[in-house]
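Novice: I need the structure of the sequence given here:
(one chain, ligands or ions: 1)
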Amino acid sequence: MPSLSLPPLPPLPSAGQIEALEQELNRHAPGLKVLRAPGELEKLSNDFHGYSPVLRKLLAGCRGQLVACPSSVQEVMAVAGACGRHGVPLTVRGAGTGNYGQCVPLAGGVVLEMTGLHRVRSVDGTTGVVEAEAGCLLAELDRQLLLHGRALRLAPSTYRTATLGGFIAGGSGGIGSLRWGFLRDPGHLLGLEVVTLEPEPRLLQLEGPACEPLNHAYGTNGILTALRLATTEALGWWQMVVGFEEDGQALEAAQGLPRTALLLQELCLLEAQLAAALPWPQGCPAAQPGESRLLLLLAPDAVAGASWWLRTRGGTVVWQEPEATSRGLPLRALTWNHTTLHWRARHPDWTYLQMLLPQPEGPFLQGLRATWGDSLHWHLEGVRQEGTCRLAGLPVLRDQGIGALQRLMDQCREGGAMVFDPHVFTVEDGGLGVIDSQQVGCKRSLDPLGLLNPGKLRGWWDRPGATTG
Ligand SMILES: Cc1cc2nc3c(=O)[nH]c(=O)nc-3n(C[C@H](O)[C@H](O)[C@H](O)COP(=O)(O)OP(=O)(O)OC[C@H]3O[C@@H](n4cnc5c(N)ncnc54)[C@H](O)[C@@H]3O)c2cc1C
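Specialist: Model prediction:
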């Protein structure tokens, strides 16, 4: 059940505490940009949690009291030290595109805006391993990787605006998950540079398994200043849109295509009502009534084979173009939660869910259609889950209150789906629901005062003897 209340939190810092902290920052980090204007505090304390009616209500009015915008690791350490000495909470912020309220400060304090740390430090010419600062935008990082013939393995559909640190700390996967699985799968994140939150902060270099507790921890157990990632060979992806008159044929194609030897980077299936409502790249015709659509990113050598394979299964290729030369909206900006974004632009009273579908998917989807009718539209994404081709679901649904939301999630779980509830604000509840003792242990060691993003790690405020989040 989504929580309808906030956890126990540290008291909101007093105006005097914030004043003293700012004066210390002026002395120790004179070049640091600090923002205090109410409009800026509000803007930089927000993210995309508004897709959830539950989070919208719960997080209303939560905001930071000061925003610090560092442009060097030394400035990050100055802010962390000042927060540690003055007992002020600190919430790290990348680009603020998270959709679980991950970077909304629940207990006031400082928002640390990281986009000023945006250098790509190195790309290893032999292994392709990249080291970049946490505030680097993903599209810019990919652009620099391309100069070395390399590319990111995984990217969210917010690729053009999101940061590397925010993706690792708050994201899970996205474009590329069909091929490369999810961010927490071993082999993607190779190393981290992290600043602790203490009166005298430390700068640590972590390798391999030591990074795991900080991967998808919502910035609750360390401030990431740089990351080392494995990359893949750069390929000039083609975009392809395929129309189907029959829902069943579209689903079979989505199940079967990833099992061929055709190299795909993205596969997204939109039910007809969604396809009819979305904007399309320049030159791509709008969907016909009743037409479901398969959206693909595929390797140049897979274009002809995929067209043939899909035609023999009831599909019609309605548009295809190389991504690099395409104009207008890129196809990737219609996938993952961008489908929700475009749908909600027309239907603001709708919300969404996220889940891994059980197999076979057909009977499960039919069962939900029978119960929810026109109040739920399917959007599926091809993913690789522990090495196996699966379909994830990001359906949009009419907001009929928290009771209906809960009934739908119960029905999905009873049908065998793994639901990743997007109407919750803790690391655990948005994932598998279980406390990860390594994440909590890491917080104990890197944030002993519990000042990093309070309230977001349930394992911290649920631990024996805890009084606040
Ligand atoms: C339309 C839409 C589509 C989306 N599509 C996807 C998708 O395909 N896949 C996906 O995984 N997500 C998706 N998301 C969620 C989000 O965009 C991504 O997870 C994105 O990578 C977050 O990056 P950000 O820079 O905006 O992070 P933020 O939102 O700023 O932060 C996310 C979390 O990371 C923490 N954080 C940020 N930087 C650091 C740091 N340097 N050190 C420690 N903690 C840090 C923050 O405190 C916060 O808890 C989508 C969201 C929207 C609104």
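Novice: give the contact list for the spatially most central residue of the chain.
Specialist: Central residue of the chain (CA atoms, centre = their mean): G171, 2.9 Å from the mean position. With contact taken as CB atoms under 8 Å, 6 or more residues apart in numbering, G171 is in contact with 98, 156, 162, 183, 216. From N, CA and C alone the C-beta is placed, and that goes for glycine too.
Novice: state the distance from it to the ligand.
Specialist: 3 Å (CB to the nearest ligand atom, to the nearest Å).
Novice: what about the closest residue to the ligand within the stretch 101-250 of the chain, helix or strand, and which?
Specialist: Distances between the stretch 101-250 of the chain and the ligand by CB to the nearest ligand atom are smallest at G166, namely 2.0 Å. Here G166, judged by DSSP states H and E, is contained in helix 164-170.
Novice: quick check: G305 touching L262?
Specialist: Yes - counting by CB atoms under 8 Å, L262 is a contact partner of G305 at 5.3 Å.
Novice: return a PyMOL selection command for the buried portion of the contacts of G171.
Specialist: One line in PyMOL is enough to select the buried members of the contacts of G171, burial here meaning 16 or more other CB atoms under 10 Å:
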select buried, resi 98+156+162+183+216
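Novice: what about the contacts of G171, which are in helices?
Specialist: For these, not one is inside helices, with DSSP state H as the criterion.
Novice: out of the contacts of G171, who's near the ligand?
Specialist: 98, 156, 162 (CB under 6 Å from any ligand atom).
Novice: right, and P454 touches P11 too?
Specialist: No - here P454 lies out of contact with P11, judged by CB under 8 Å, at a distance of 10.6 Å.
Novice: which of the two has more residues huddled nearby?
Specialist: P454 (26 against 11; other CB atoms under 10 Å).
Novice: how close does the more buried one get to G441?
Specialist: To G441, P454 is 18 Å away according to CB to CB, to the nearest Å.
Novice: quick one: secondary structure of V92?
Specialist: Secondary structure assignment for V92 (DSSP: H, G, I helix; E, B strand; the rest coil): strand.
Novice: which residue sits closest to it, ignoring its sequence neighbours?
Specialist: Leaving out its chain neighbours, the residue that sits closest to V92 by CB to CB, 6 or more residues apart in numbering is G219, at 3.9 Å.
Novice: check L190 too.
Specialist: Nearest non-adjacent residue to L190 (CB to CB, 6+ apart): R228, at 4.5 Å.
Novice: hmm, that neighbour is touching T127, no?
Specialist: No - if you go by CB under 8 Å, R228 and T127 don't touch, sitting 10.4 Å apart.
Novice: ok, these two, which is more surrounded?
Specialist: Neighbours per residue (other CB under 10 Å) separate R228 from T127, with R228 holding more: 20 against 11.
Novice: where does that one sit, in terms of helix or strand?
Specialist: Remark: R228 resides in strand 223-229, with elements defined by DSSP H and E.
Novice: which residues of the chain lie near the ligand?
Specialist: Neighbours of the ligand within the chain, by CB under 6 Å from any ligand atom: 47-48, 91-99, 102-103, 114, 134, 156-158, 162-163, 165-167, 169-174, 218-219, 223-224, 336-338, 341, 453.
Novice: coming back round to it: let me know whether the residue nearest to V92 touches L457 as I believe.
Specialist: No - counting by CB under 8 Å, L457 is not a contact partner of G219; they are 9.9 Å apart.
Novice: which residue packs closest to the residue of the stretch 1-150 of the chain at minimum distance from the ligand, ignoring adjacent ones?
Specialist: Nearest to the ligand, among the residues of the stretch 1-150 of the chain, is G94, at 2.4 Å (CB to the nearest ligand atom). The shortest distance from G94 to any non-neighbouring residue, by CB to CB, 6+ apart, is to G166 (2.6 Å).
Novice: burial count for that neighbour?
Specialist: 31.
Novice: can you check V129 too?
Specialist: Counted with other CB under 10 Å, V129 comes out at 16.
Novice: quick check: phi and psi at it.
Specialist: Backbone torsions of V129, given as degrees, to the nearest 10, read phi -70, psi 130.
Novice: could you point out the helix or strand that follows the helix or strand hosting L55?
Specialist: Per DSSP H and E, L55 falls inside helix 53-58. Scanning forward in sequence from helix 53-58 by DSSP H and E, the next helix or strand is strand 66-69.
Novice: now stretch 386-400: mean pLDDT?
Specialist: Averaged across stretch 386-400, the pLDDT comes to 96.
Novice: still on that earlier bit, list the contacts of the residue of the stretch 101-250 of the chain closest to the ligand.
Specialist: Counting by CB under 8 Å, 6+ apart, G166 touches 93-98, 103, 114, 134.
Novice: and it, how close does it get to L197?
Specialist: Where L197 is concerned, G166 sits at a distance of 18 Å (CB to CB).
Novice: what are the ranges of the helices in the stretch 51-200 of the chain?
Specialist: Using DSSP state H, counting those that start in this stretch, the helices of the stretch 51-200 of the chain run over 53-58, 73-86, 138-146, 164-170, 177-180.
Novice: for the longest one, buried residues please.
Specialist: I take that to be helix 73-86. Neighbour counts over helix 73-86 (16+ other CB under 10 Å) mark 73, 75-84, 86 as buried.
Novice: same check on stretch 408-424?
Specialist: Those would be 408-409, 411-412, 417-424, for stretch 408-424 by 16+ other CB under 10 Å.
Novice: outside of it, which residues touch it?
Specialist: 2-3, 51-55, 99-100, 172, 351-358, 364, 367-368, 371-372, 376, 393, 397, 405, 429-432.
Novice: if we can go back for a sec, for the helices of the stretch 51-200 of the chain, give me a markdown table that also has distance to E291 and mean pLDDT.
Specialist: Output for those, formatted as a markdown table (distance: least, CB to CB, whole Å; pLDDT from 0 to 100):
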| stretch | distance to E291 | mean pLDDT |
| --- | --- | --- |
| helix 53-58 | 30 | 96 |
| helix 73-86 | 50 | 98 |
| helix 138-146 | 30 | 97 |
| helix 164-170 | 33 | 98 |
| helix 177-180 | 23 | 98 |
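Novice: JSON lines for those, including distance to M240?
Specialist: Output for the helices of the stretch 51-200 of the chain, formatted as JSON lines (distance: least, CB to CB, whole Å):
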{"stretch": "helix 53-58", "distance to M240": "35"}
{"stretch": "helix 73-86", "distance to M240": "43"}
{"stretch": "helix 138-146", "distance to M240": "21"}
{"stretch": "helix 164-170", "distance to M240": "26"}
{"stretch": "helix 177-180", "distance to M240": "14"}
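Novice: just to revisit the earlier point, now do the helix holding G166: distance to the chain's middle.
Specialist: Computed by CA atoms, centre = their mean, to the nearest Å, the chain-centroid distance of helix 164-170 equals 7 Å.
Novice: alpha carbons of that helix, as PDB, please.
Specialist: Extracted in PDB, the C-alpha atoms of helix 164-170 (Å, rounded to 0.1, in the frame of the first residue of the first chain):
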ATOM      1  CA  LEU A 164      25.000  10.400 -14.900                       C
ATOM      2  CA  GLY A 165      25.000  10.600 -11.100                       C
ATOM      3  CA  GLY A 166      21.200  10.900 -11.000                       C
ATOM      4  CA  PHE A 167      20.800   8.000 -13.400                       C
ATOM      5  CA  ILE A 168      22.900   5.700 -11.200                       C
ATOM      6  CA  ALA A 169      21.500   6.900  -7.900                       C
ATOM      7  CA  GLY A 170      17.900   7.200  -9.000                       C
END
